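Peer 1: everything below, folded, please.
(chains A, B and C)
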Amino acid sequence: MLIPHPLLGLRDAQEFTYLGDASLLNRPDGMAPDAAQAFYQYQYLRDNPAGVHRELWFHEQGDRSWLIVTRDTTTHEILAAELAKEAAR
Amino acid sequence: MTDLSPLCASGQTAPRVATHGALTITEHASRALASLALRRNAAEPHPFGLSLPGPGLWSAGQGMAAFWTGPHQWMIEAEGRAQDDFAHDLKTHAPGCSVTEQTDGWVCYEITSGRGAAPIHDLLAKLVNIDAADFGPGRATRTGLEHMSVFVIRRAQDRLAILGMRSSAGSLWHAVETAAERVEGVLK
Amino acid sequence: MTQSSANRPSANRLAGGLVDRSKTLSFSFDGKGYTGHPGDTLASALLANGVRLMGRSFKYHRPRGVFAAGSEEPNALVELHDGARRDPNTRATVAELFDGLTARSQNHTGPLAFDLMAVNDLLSPFFAAGFYYKTFMWPKAFWEKLYEPMIRAAAGLGRLSMQPDPDSYDKGFLHCDLLVIGGGAAGLAAALTAGRAGARVILADEDFRLGGRLLAESHTLDDAPATDWVAVTEAELATLPNVRILRRATVWGAFDHGVYGALERVGDHMAAPTGLRQTLWRITAKRIVLAAGATERHIPFRNNDRPGIMLAGALRAYANRWAVCPAQRVAVFTNNDDGHRTALDLMAKGVQIAGVIDSRKGVAPQGDYPLFAGAMVTDSRGRLGLNRIAVTQDGRETWLDCGALGVSGGWNPNVHLSSHHRGRPVWSDALQTFVPAPAGGPPGLTVAGAATGAGSTAQALASGAAVAVAALADLGVRATAPDLPGAEDHAQHLAPLWHVPGAGRAWVDFQNDVTVKDIKLAHQENMRPVEHLKRWTTLGMATDQGKTANVTALAVMAELTGKAVAETGTTMFRPPYTGVPIAALGGGDTGAHFRPRRLTPSHEWAAAQGAVFVEVGQWMRAQYFPRPGETEWRQTVDREVLATRKGVGICDVTTLGKVDVQGADAGEFLNRVYANAMASLPVGMVRYGLMLREDGFAWDDGTCARLADDHYVVTTTTAQAGPIYRHMEFCRQCLWPDLDVQLISTTDAWAQLSVAGPNARRLLERVVDGFDLSNAGLQFMGCADLTICGGLRARLFRISFSGELAYEIAVPARYGNALMARLIELGADLGATPYGTEALGVLRIEKGHAAGNELNGQTTAQMLGMGRMVSTKKDSIGAVLSRREGMQAETRVLVGLQPVDAADPVVAGSHLFTTGAEQTTWTDQGWITSACYSPHVGSSIGLGFLADGANRIGEVITAANPLQGQQIAMRVVSPHFVDPEGGRVRD
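Peer 2: Here you go, the predicted structure:
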């Protein structure tokens, strides 16, 4: 696969490490009163769609950016890629 | 000056050199390296008059050069300063930045071609998944090479640098030299 | 060693062709010497020498000869080369002849002509479809003792050399605008079009000569031999710097986003490649033209598998390109006009045509040969090679003498690569074959020429150019089709005939011995979907993947089910198109270079001392430093441990991951990453740090040193250096992007040596440049920048993994080797001793420090005795989930274990039980994580997790190791075997 890095253009997927669902960005507040329930959901209840999926890729053998890549898991078509740091803000 | 004797990354006292056809690979041990990262709200500095390059680029100044390593991050190269505390020096020239000594984190193999760009392109094709046609002088990138993480810098049409982890200098040398032998037909 | 004189006249060699008769090459087949010419394949050279029998079939051991003239060959598989280079299952049809080539036939017991295993042919009723599943089911006990050994002995075709592969393999990466797959008429036209337009083109062809079918036909282009146009085109392409031609290169797989795999056989055509044998190319292409041509199909009839029976197009190719014909008298069986072309071409070369048997009624001959219209070939004779065929016309059977028969059932487009993304080809009623689907193939790939089903030369040339123009237009490059030569444009007028009805065995898949009967049986047994058919009959498996069989088999099944072929479906095409050696896929590096090796800064010194090294991940670390007279590793390790505890030991600990953390929010960042507090760490101090995973389990540990308000250096374990760095970047970029923090690894930049033992301070005093090493100058868990050995910048951390007074000193890596030597030299009178990873392990077990065995991803801070370190005053990774009920209820904690009988062993992995208790999963009390012999204690000792361990100090329990039948009585003790009060580290 080739991943369209927002700064560096198309890069070989072998340069990346895969993490998974981009919902990991939405980490709950550990000091909130409902933290236990919120973390249970954050950690274990994730979607695994056959189709369009927003997922985290780390450009480990590259610029060390975490990317959010929107990919169709049934065709491997990549619809978008953005810097996670920008999206997280 | 310390009375301890340094070793090159190759484990020898003198840098390693090999020539295969038009390609010469030289271990370059006298260049200092320091990383530079912008802190929050910091203005982009111009240490030693260098203008810091954008993504995927390398730019050279007088005895100094810089390449982009990540968003708001660069590596600064300083010729002949490997034994100094160059990082400390850089820090004073880059206020508001995070600077980290990287000199001995890397082994640097400088590759020169006596026959123009072609052998450099052939070598790249054997080593890294980078399109040589899109990797002209002034380009720099980190990528994978035989399962090692390396920086590749195109210093000129006929000059390439490959920087790898110092600890894997031997494996990197083997990979680069074998490829050079093959593209220059020495082994073929 | 080319002989130009000893030309042996061969009756089967015809005039003309593309072989170089000025040179003669010697080769051997089954030990017998033959000659051929440059340009020959092994198959053409054997045919020229009158050899038709080349192998035995897989299941029935039937005599087989060459069937095709290209990579689709199912029958003529040979072992090429001798000794370690022996290469089994090589297709003789694509093996380029070279001087000194040695080949052997395979899959027979005894001589090829008298194969003892041919008895299988008589037993064929037992080997019908599904026999694997039916025959070996019972009695059950027979499986291991009888069936499996028998199958193993009979299975497979060629033999492996069982020796290491002596050849070199390589890989590489290529990029282009347009990848053209196939160098026939369509591919050459596409490459020429794109090349002239200035696009970057890669033209790859599996053959050693460009031209594809143009080389095999007698057609002219612009009234000149087609090879003239090929030569001119090839010459022009060679002058274009933007075009790269890969000969002998099979594009074998289409992968995502325009990535294609190609195998270039660099040295396979040489007796012993002095350099590379094969190169695996990973090609990234913006657009792709698939011009892979077509493969002819045959028409199964009774006994259609004899040597001498082959595809009609192959027969023509051998005559036109290689100037050979397997026999002097030849017949053709066809259902279309193309078969007649074979007869005409052979006649033009002086071969006698026994007859053309055309299943179509009312067709007229196209030349002066006997024509049997509306007839079929219904049987054949000839034990080791064809000598006659039965022709049935109007219900009357006559026998024709002939030494070869060409069979033509039409052509199947080579759709494979267009279907590698699960794209299903579609049935064309007009062409009676599967053609590439108009959509759903690999993005960016278009198909041209015969691979689309448009099989005439004129169509191929025009479509190659047109497809290239369109592909480049997509890329914004304007191209125009070149002037193309005038070429034949015949239709085939095919009337489908999928098999000749009748009794007896009619082979569909030669390689797997699948007959029409087997397909009928599969149909009867309800194995009708194509995927079932394939597995029940083994159709389409093995080296040829059914290239000459699959479509025919589908059509036969369709006939049986009464469905259209289109409804019957197609099998899935997957990479590779043809076999790719694992050696090539492996990338070429073997042995010590199989993966990168990392060496520590003091490696040279350690090697000179005779250290024994151990692989720790990619690192080579000194395991121990044997001295003369030490006969056993334990002696060495015990000495190193005691020397450290009594004097001073030095160990290279550079392999620990080091991450430089800077920024205004560095402390806050580390507070959130580590379970314990780091923001409160004073400058100049070091703190042990524990990281949890977000699920609350312990992940990694290390130290955090605060060098300045906004500057920390943290360490990770050796194994987790990569994952932890990645995680920290995840935290920085994805979780807390607004914190001002910058990270960079410095693992390799600094050589770090552990200097441990009561004499550590006295030794270091001899290298520091006036630095105060007293407790007042650097207290326990202190850190400092300093210089040593006359001005060398260094970092000093007063931390201890061994429980002794200890420091870790870091210097720029290039000085690590010299510093190691210096410390040993200066510390001679202090007992300075290098120690390796074994002693390191013993020292930490004696001290009760957790390491990888304890931090194995299944343990919690509480189990490690660090439950209270997980701060509740702040949020950090894993803190919330570590407080889950089930994790809090865990009572197993780290304890020390000491055998009651000091002579008893302690075995890591043993499970712990209350003495006398029944030993079941439910009564399991924990397990031993680490064990070693402790020279300090004088017995073996262990660390382990024990239920309610904190309250069981002094209890004797049982360590059970059922694998070795051990039941060892163990006393539960504190995990700190050495200096439990921790006084020594503060000395």
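
Peer 1: would you mind listing what in chain B touches chain A?
Peer 2: Selection of chain B residues close to chain A by Cβ under 8 Å from any Cβ of the partner chain yields B:55-56, B:68-71, B:73, B:129, B:141-144, B:149. Every C-beta, even on glycine, is put in place using the N, C-alpha and C of the backbone.

Peer 1: of these, closest to residue C:404?
Peer 2: Proximity of the residues of chain B next to chain A to residue C:404 (Cβ to Cβ) peaks at residue B:129, which lies at 48.5 Å.

Peer 1: residues from chain A in reach of chain C?
Peer 2: So chain A meets chain C at A:1-2, A:10, A:12-13, A:17, A:19, A:24-25, A:27-31, A:35-36, A:39-40, A:42-43, A:56, A:58, A:60, A:64-66, A:75-78, A:83-86, A:88-89 (Cβ under 8 Å from any Cβ).

Peer 1: filter the residues of chain B next to chain A to keep only those in contact with chain C.
Peer 2: Applying Cβ under 8 Å from any Cβ to the residues of chain B next to chain A, one finds that B:73, B:129 fall near chain C.

Peer 1: can you pull up the most central residue in chain A?
Peer 2: Geometric centre of chain A, nearest residue: residue A:56, 1.9 Å, by Cα atoms, centre = their mean.

Peer 1: let me know how buried the closest residue to that one other than its chain neighbours is, in neighbour terms.
Peer 2: Nearest non-adjacent residue to residue A:56, counting by Cβ to Cβ, 6 or more residues apart in numbering or on different chains: residue A:19, 4.0 Å away. Look at residue A:19: counted by other Cβ atoms under 10 Å in any protein chain shown, it has 17 neighbours.

Peer 1: picking up where we left off before, so which of the residues of chain A next to chain C sit within helices?
Peer 2: Residues of the residues of chain A next to chain C located in helices (DSSP state H): A:35, A:36, A:39, A:40, A:42, A:43, A:84, A:85, A:86, A:88.

Peer 1: check which element follows the strand or helix carrying residue C:897 along the chain.
Peer 2: Residue C:897 is part of strand C:893-899, with elements assigned from DSSP states H and E. Going down the chain from strand C:893-899, the next helix or strand is strand C:911-914, by DSSP H and E.

Peer 1: same for that next one, what does it pack against?
Peer 2: Contact partners of strand C:911-914 among helices and strands, from 3 or more Cβ pairs under 8 Å, 6 or more residues apart in numbering or on different chains; DSSP states H and E: strand C:926-934, strand C:956-961.

Peer 1: deepest-packed of these, please.
Peer 2: Across the helices and strands packed on strand C:911-914, averaging neighbours per residue (mean count of other Cβ atoms under 10 Å in any protein chain shown) puts strand C:926-934 on top, at a mean of 22.

Peer 1: quick one, it and strand C:893-899 angle?
Peer 2: Angle, strand C:926-934 to strand C:893-899, by axes from the mean of the first three to the mean of the last three Cα atoms, to 10 degrees: 50 degrees.

Peer 1: rewinding a little: looking at the residues of chain B next to chain A, which are in strands?
Peer 2: B:68, B:69, B:70, B:73, B:141, B:142, B:143, B:144, B:149 (DSSP state E).

Peer 1: okay, and the beta partners of residue C:290?
Peer 2: residue C:181, residue C:447 (DSSP bridges).

Peer 1: so it makes contact with residue C:463?
Peer 2: No: using Cβ atoms under 8 Å as the test, residue C:290 is too far from residue C:463 to be in contact (11.2 Å).

Peer 1: these two: who's more crowded?
Peer 2: Under the criterion of other Cβ under 10 Å, the comparison of residue C:290 against residue C:463 puts residue C:290 first, with 31 against 24.

Peer 1: thinking again about what came up before, any idea which of the helices and strands packed on strand C:911-914 gets closest to chain A?
Peer 2: Nearest of the helices and strands packed on strand C:911-914 to chain A, taken as Cβ to the nearest Cβ: strand C:926-934 at 26.0 Å.

Peer 1: can you tell me what sits against that closest one?
Peer 2: Here strand C:926-934 makes contact (Cβ atoms under 8 Å, 6 or more residues apart in numbering or on different chains) with C:634, C:637-638, C:641, C:841-842, C:845-846, C:851, C:853-854, C:856, C:892, C:894, C:897, C:905-912, C:939-947, C:949, C:959, C:977.

Peer 1: pLDDT weak spots in chain C?
Peer 2: Within chain C, the stretches with pLDDT under 70 are C:1-9, C:126, C:131-139, C:143, C:150-156.

Peer 1: centroid-nearest residue for it?
Peer 2: The geometric centre of chain C, computed from its C-alpha atoms, lies nearest to residue C:585 (Cα atoms, centre = their mean), at 4.6 Å.

Peer 1: quickly find the element holding the spatially closest residue to that one that is not a sequence neighbour.
Peer 2: Nearest non-adjacent residue to residue C:585, counting by Cβ to Cβ, 6+ apart: residue C:280, 6.4 Å away. For residue C:280, the element it lies in under DSSP H and E is strand C:276-290.

Peer 1: and the buried ones among the residues of chain A next to chain C, selectable in PyMOL?
Peer 2: To isolate the buried subset of these in PyMOL, counting by 16 or more other Cβ atoms under 10 Å in any protein chain shown, use the following:
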select buried, chain A and resi 1+2+10+12+13+17+19+24+25+27+28+30+35+39+42+43+56+58+60+64+65+66+78+83+84+85+88
